[in-house]
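Trainee: Take this sequence and fold it.
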Amino acid sequence: MTQIIVLPHVELCPKGALFEAEPGTSICDALLAHNIEIEHACEKSCACTTCHVIVREGFNSLAEATDLEEDLLDKAWGLEANSRLSCQAIVGKGDMVIEIPKYTINMAKEGHSK
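Mentor: Just a heads-up that it's a prediction; the model follows:
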């Protein structure tokens, strides 16, 4: 199992979180499975940037982003060199520290469930 630390986010997990995730699971699914309701407006189909995360530690344990993901990331708020779409970034064997940006570019925020 891979350990994931989620840094505090005012709305989604004010105290931060620490949990283990199965390698092969997307970061988005791992967050949702641990009650961190990250936005995923396109239903995890790599068509938006609402699930954007910044991988503060463990970035190299992830497979490279596809060209489509890279193109979408260019539109993400607060883009950094270690940004990924959590619906596309698959948990590997290296532990990670994840930051969920404060904002997304989602124009209509909807409630989503797992």
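Trainee: Helices of this structure, residue ranges please.
Mentor: 27-33, 67-73 (DSSP state H).
Trainee: In terms of secondary structure, what does the first one contact?
Mentor: Think helix 27-33. strand 2-6, strand 17-21, strand 96-99 (3 or more Cβ pairs under 8 Å, 6 or more residues apart in numbering; DSSP states H and E). For every residue, glycine as well, the C-beta is placed using N, CA and C.
Trainee: Can you lay out those strands as TSV showing mean pLDDT and mean neighbour count?
Mentor: Putting these into TSV (pLDDT from 0 to 100; neighbours: other Cβ atoms under 10 Å) gives the following:
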stretch	mean pLDDT	mean neighbour count
strand 2-6	98	19
strand 17-21	98	15
strand 96-99	98	21
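Trainee: which stretches of the protein have low pLDDT?
Mentor: For the chain, applying pLDDT under 70 flags the ranges 106-114.
Trainee: swap the cut-off to 50 and go again
Mentor: For the chain, applying pLDDT under 50 flags the ranges 107-109, 112-114.
Trainee: dump the residue contacts of the most centrally placed residue in the chain.
Mentor: Compute the mean C-alpha point of the chain, and by Cα atoms, centre = their mean the closest residue is Ser86, 3.0 Å away. Ser86 makes contact with 26-28, 31, 38, 40, 51-53, 98 under the criterion Cβ atoms under 8 Å, 6 or more residues apart in numbering.
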